[in-house]
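**Student:** build me a model:
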Amino acid sequence: MMEDKYASTLHPLVDYAAGIFLLIVALLTVVGNVAVLATAVKCSPYLKSPDLLSINLAVTDLGMALSMYPLAIASAWNHAWIGGDPTCLYYALMGFFFGVASMMTLTAMAVIRYLVTSTTTANRNTIKKQAIYIVITCIWLYAFLWAIFPLVGWGHYGPEPFGISCTIAWAEFQNSTNGFSFILSMYILCTIFPALTIITCYTMIAWKLHKAHQEIQNYDKMPNASKVEKKLTLMAVLVSLGFLVSWTPYAIVSFWSIFHSSASIPPIVSLLPCLFAKSSTAFNPIIYYMFSRIFRQKVKQLKCCCGWRIHFLQQDNSGENPAVSVIWSGRENIQLSSVLKFNKGQTSSTITQ
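**Tutor:** Down below sits the predicted model:
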C-alpha cells in the first residue's frame, strides 16, 4: 500500500493538468535539444570551443527530461508517487545532479564568453577545445559530488509537500544542524556564487560593448560588428536568465520551507514553482532558434521521414567557407577584441567566416 507521504495533496484535476504541462515540456525539451545535438553532429568539424558548453547544456536538459519527466508525468496522472522510496530517491538525485550540472555549465559559458570577448585575436586561440573538455569533466564531477552528498548523510532526499515529486527534503532540515549546513553550502556554492559570476561576466561584457560602440559609432562597418556581438551576448544572457528566472521561485519556496512548516505553504503554491523550474529545459533551443541564423539554417536541413530517421544534407562544398558554429560563433561571430582595439586610422575588423 502506498505510503501517505507519497499521496497527492492536490485536486485530481490539478494533478492531471500538471501531467499535461510536464508532457508538453518534455516533448519540447526532447525535440529542441535533439535538434541542437543533431546540428552539432553535422557541424562537428567546425565547432568552436564555446559551442561545446552549449552542447553540454543541451545534454543536461535532455538528460533531465528523459530520466525524470516520464516518472513525474505517470505519478501526476496516478494521483500518487509511483514506486515509493527507491524511485523517489532516484528522481531527486537525477534532478539535483542535472540541475547543478546545468548551473555550472551556464557559469562556465559566461566566464568563457567573457574571456573570448576580452582577449586579443592572437590570444583568442589559447582557449582550446581540450581545455573546454576539462572544464566539462569538472562540471560533471562537481555535480556528481553534490548529488551523492545526501546519500552519504549530508543532506537528505524526500517527497515534495504536494506528494507527486521528490527533491531535497527541505522541511526536514529545520532542527538539523547537519542538514542546515548542507543547505547553506549548497545555496552558496551551487546557486549564489554561480549566479553572481554569471551576472558579473555579462555586465562586464555589456560595458565593453557599450564603450566599443561609443568609440566607433562614427564609422560604417564597425557598428555592425558591435551590433552582432551584442546580439550574441544577448542570446547568452537570455539562456542564463531563463534558467535563473525559472528556478528562483522554486529556490525561494524551498528556502522558506526550511524555516517554516510545509503546512504553511498551500500545495498549489509549492507545485507551481516546481513546474516552472522544470520548464527551463525547453527554453534554450527556442532562444537559439530565435537568435542564431546558422542554427535556423541547420535545423531546416534536418529532414524527417517514415521511421523518424533523420537525413542530413550533404556538406556545402561551394567556394564559400563552410565553417559554421552552431550557437556562438561562425559567420555571425565577430571578434570583439578587434573592435575594442580599433583606432581611427585602422578601419579593418576581423570577421570569422
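
**Student:** for the host helix or strand of residue 117, the distance to its chain's centre please.
**Tutor:** In this structure, residue 117 is located in helix 84-118 according to DSSP states H and E. Put simply, helix 84-118 sits 7 Å off its chain's centre (C-alpha atoms, centre = their mean, to the nearest Å).

**Student:** starting at the chain centroid, how far to stretch 104-124?
**Tutor:** 17 Å.

**Student:** residue contacts, residue 81?
**Tutor:** Contacts for residue 81 (C-beta atoms under 8 Å, 6 or more residues apart in numbering) come out as 2, 6-8, 75, 87-88, 159, 163-166. Every residue, glycine included, has its C-beta placed from N, CA and C.

**Student:** ok, so of these, who is nearest residue 67?
**Tutor:** Of all the contacts of residue 81, residue 67 sits closest to residue 87, with 11.4 Å by C-beta to C-beta.

**Student:** one step back: from the contact counts, what lies against the helix holding residue 117?
**Tutor:** helix 49-78, helix 129-148, strand 157-159, strand 166-168, helix 193-216, helix 222-259, helix 336-340 (3 or more C-beta pairs under 8 Å, 6 or more residues apart in numbering; DSSP states H and E).

**Student:** okay, now the unreliable bits of the stretch 51-200 of the chain?
**Tutor:** For the stretch 51-200 of the chain, the stretches with pLDDT under 70 are 119-127, 173-176.

**Student:** just the element for the nearest residue in space to residue 62 that is not next to it in sequence, please.
**Tutor:** Leaving out its chain neighbours, the residue that sits closest to residue 62 by C-beta to C-beta, 6 or more residues apart in numbering is residue 33, at 4.3 Å. In this assignment (DSSP H and E), residue 33 forms part of helix 12-42.

**Student:** tell me the angle of that helix relative to helix 49-78?
**Tutor:** 150 degrees (axes from the mean of the first three to the mean of the last three C-alpha atoms, to 10 degrees).

**Student:** thinking again about what came up before, please report the distance of the residue nearest to residue 62 from residue 271.
**Tutor:** Residue 33 is 25 Å from residue 271, where distance means C-beta to C-beta, to the nearest Å.

**Student:** just residue 74 next, same as before
**Tutor:** 16 Å.

**Student:** could you do residue 252 as well?
**Tutor:** From residue 252 to residue 271 the distance is 14 Å (C-beta to C-beta).

**Student:** quick revisit: what residues does the residue nearest to residue 62 make contact with?
**Tutor:** 58-59, 61-62, 65, 281, 284-285.

**Student:** double-check residue 80 against residue 164; I have them as touching.
**Tutor:** Yes - using C-beta atoms under 8 Å, residue 80 is in contact with residue 164, at 7.0 Å.

**Student:** got any residues that touch both of these two?
**Tutor:** residue 8.

**Student:** more crowded one of the two?
**Tutor:** Shown here are residue 80 and residue 164; by other C-beta atoms under 10 Å, residue 164 has more neighbours (30 against 16).

**Student:** where does the more buried one sit: helix, strand or coil?
**Tutor:** Three-state assignment for residue 164 (DSSP: H, G, I helix; E, B strand; the rest coil): coil.

**Student:** quick one: residues contacting it.
**Tutor:** 8, 10, 15, 18, 72, 75-76, 78-81.

**Student:** name the nearest residue to residue 87, ignoring sequence neighbours.
**Tutor:** That would be residue 71: by C-beta to C-beta, 6+ apart, it lies 6.2 Å from residue 87.

**Student:** so how far is residue 133 from the one you found?
**Tutor:** For residue 71, the distance to residue 133 (C-beta to C-beta) stands at 31 Å.

**Student:** what about these two, which has more around it?
**Tutor:** Neighbours per residue, other C-beta under 10 Å: of residue 71 and residue 133, the larger number sits with residue 71, 20 against 13.

**Student:** which ones are touching the more buried one?
**Tutor:** Applying C-beta under 8 Å, 6+ apart, the residues near residue 71 are 82-83, 87, 91.

**Student:** what do you get for residue 101?
**Tutor:** Residues in contact with residue 101 (C-beta under 8 Å, 6+ apart) are 56, 60, 139-140, 142-143.

**Student:** residue 136 against residue 59, yeah?
**Tutor:** No - under the criterion of C-beta under 8 Å, residue 136 makes no contact with residue 59, lying 9.2 Å away.

**Student:** now whichever strand or helix holds residue 271 and helix 222-259, what's the angle there?
**Tutor:** Here residue 271 sits within helix 267-278, counting by DSSP H and E. Computed by the same axes, to 10 degrees, the angle separating helix 267-278 from helix 222-259 equals 150 degrees.

**Student:** avg pLDDT for whichever helix or strand comes after helix 267-278?
**Tutor:** Counting by DSSP H and E, the element after helix 267-278 in chain order, helix or strand, is helix 283-291. Averaging pLDDT along helix 283-291 gives 83.

**Student:** chain center to helix 283-291: distance?
**Tutor:** 12 Å.

**Student:** going forward, begin numbering at 392 instead of 1
**Tutor:** Understood, numbering begins at 392; the last thing we discussed is helix 674-682.

**Student:** packing partners of that helix?
**Tutor:** Counting by 3+ C-beta pairs under 8 Å, 6+ apart, helix 674-682 packs on helix 403-433, helix 440-469, helix 613-650, helix 684-691.

**Student:** quick one: that helix to helix 440-469, angle?
**Tutor:** Between helix 674-682 and helix 440-469, the angle comes out at 130 degrees (the same axes, to 10 degrees).
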